[in-house]
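In: Structure for this input, please:
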Amino acid sequence: MKTIDLTPLYRNTVGFDRFASLLDNAFRAESAAGGYPPYNIESLEENNYAITLAVAGFTQEELNINVERGVLSIRGEKHKVEGKNFLYQGIANRTFERKFNLADFVEVTGADLENGLLTISLLKVIPEAMKAKTVSINTNKKPVFDVEKEMTA
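Out: I've put the predicted structure just below:
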């Protein structure tokens, strides 16, 4: 198992606790998750993303999608089929849970299940206050505000 000591990061930074926790959780999750079910993460447009999971054999009722505190969780719980006698069973019918940490302002907008692929649509909505602004340059040589007048007033 990979271990990384993040103590130097905590000593030299303030306010990045969430980032360090994300790194720590990512290393733990990779070793624990295995590889099931396989998935793709796709950038569709500038602020549109999609996560596609291969969930062959699962029905809509057997899948649960949840978002809590910036973590997207997809859980699949396969119901036992009684009365079948398999000679060979290569299709995985096991319970799984996949978690994805979502960046700030990323929202889940929908989910589709088609041909054994679960596609979750994501949209990054940046608030107006966070968007870049264009600042016009004053050309009339008058200051926008006078610091000395503000101090004496």
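
In: what about the nearest residue to residue 39 once chain neighbours are set aside, neighbour count?
Out: The shortest distance from residue 39 to any non-neighbouring residue, by C-beta to C-beta, 6 or more residues apart in numbering, is to residue 53 (4.5 Å). (C-beta placed from N, C-alpha, C; glycine too.) By other C-beta atoms under 10 Å, the residues close to residue 53 number 22.

In: Pairing partners for residue 53 in the sheet, please.
Out: Under DSSP bridges, the beta-bridge partners of residue 53 are residue 39, residue 118.

In: thought it was touching residue 38?
Out: Yes. Using C-beta atoms under 8 Å, residue 53 is in contact with residue 38, at 7.4 Å.

In: Is residue 126 in a helix, a strand, or coil?
Out: Following DSSP: H, G, I helix; E, B strand; the rest coil, the label given to residue 126 is coil.

In: hang on, it packs against residue 47?
Out: Yes. In this structure, residue 126 is within contact of residue 47 by C-beta under 8 Å, at 7.4 Å.

In: So which bits of the helix or strand encompassing residue 50 are buried?
Out: Here residue 50, judged by DSSP states H and E, is contained in strand 48-54. For strand 48-54, the neighbour count (16 or more other C-beta atoms under 10 Å) marks 49-51, 53 as buried.

In: hang on, residue 121 in a strand?
Out: Yes. Applying three-state DSSP, one finds residue 121 inside a strand.
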